[in-house]
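**Q** Fold the following and give me the result.
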Amino acid sequence: MGGRKSYSIKKIIRKDPSVRAKKASLTKALKNENVEGITRSLVNLVSDHRDIVKIFSYSGKLSNRILKEIKPEEVKTIKQILPNVKRVWSSLKREQKLDSNKVIDDAVVYAVAKFLREKRE
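**A** Below you'll find the model as predicted:
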């Protein structure tokens, strides 16, 4: 089993003191496989952190745009599709003047590339 490592919650939300309890709640829910607890914890994290909200929003925008340009059947590997996804993301950011940083950019690009690969399957 291979693939790219996901970004950690810590890297996305940085060092916010209010996050410790929310992160602990999410970790506990994940360990207990408690779907309701996971959902509740994620909503609490997302509602307080704009970067996570931006990642979700931008991933949706990029997915819509990329599906117009690339058919999922054409995607063989993430590595193959990554340059195209980055190019389209760069264009979309410029056109819509989207606010982002390196972490947001990487998370959005890799999420959409993975989405394309999984949509093919």
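**Q** As a quick check, tell me the outermost residue of this protein.
**A** Distance to the chain centre peaks in the chain at residue 32, reaching 23.6 Å (criterion: CA atoms, centre = their mean).
**Q** Poorly predicted segments of the protein, please.
**A** 1-20, 48, 120-121 (pLDDT under 70).
**Q** What ranges does it have for its helices?
**A** Per DSSP state H, the chain carries helices over the ranges 9-13, 19-31, 35-48, 50-69, 78-96, 102-120.
**Q** any chance of these in a markdown table, with mean neighbour count too?
**A** Just so you know, the C-beta spots here come from the backbone N, C-alpha and C atoms, and that holds for glycine as well. Converted to a markdown table, those look like this (neighbours: other CB atoms under 10 Å):
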| stretch | mean neighbour count |
| --- | --- |
| helix 9-13 | 15 |
| helix 19-31 | 15 |
| helix 35-48 | 14 |
| helix 50-69 | 16 |
| helix 78-96 | 15 |
| helix 102-120 | 18 |
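**Q** Contacts only, for the nearest residue to residue 58 once chain neighbours are set aside.
**A** Leaving aside its chain neighbours, residue 58 sits nearest to residue 108 (4.7 Å; criterion: CB to CB, 6 or more residues apart in numbering). Applying CB atoms under 8 Å, 6 or more residues apart in numbering, one finds that residue 108 lies in contact with 55, 58-59, 62, 89, 100.
**Q** just residue 26 next, same as before
**A** 9, 38, 41-42, 45.
**Q** repeat that for 6 Å
**A** residue 41 (CB atoms under 6 Å, 6 or more residues apart in numbering).
**Q** quick one, domains of this structure?
**A** Listed domain ranges for the chain are 12-48, 51-120 (source: automatic domain parsing).
**Q** Would you agree residue 81 is in contact with residue 113?
**A** Yes: judged on CB atoms under 6 Å, residue 81 makes contact with residue 113 at a distance of 5.2 Å.
**Q** I figured residue 41 hits residue 28, correct?
**A** No: here residue 41 lies out of contact with residue 28, judged by CB under 6 Å, at a distance of 8.3 Å.
**Q** Touching stretch 113-121 from outside, list them.
**A** In contact with stretch 113-121 (CB under 6 Å, 6+ apart) are residues 63, 72-73, 75, 78, 81-82, 85.
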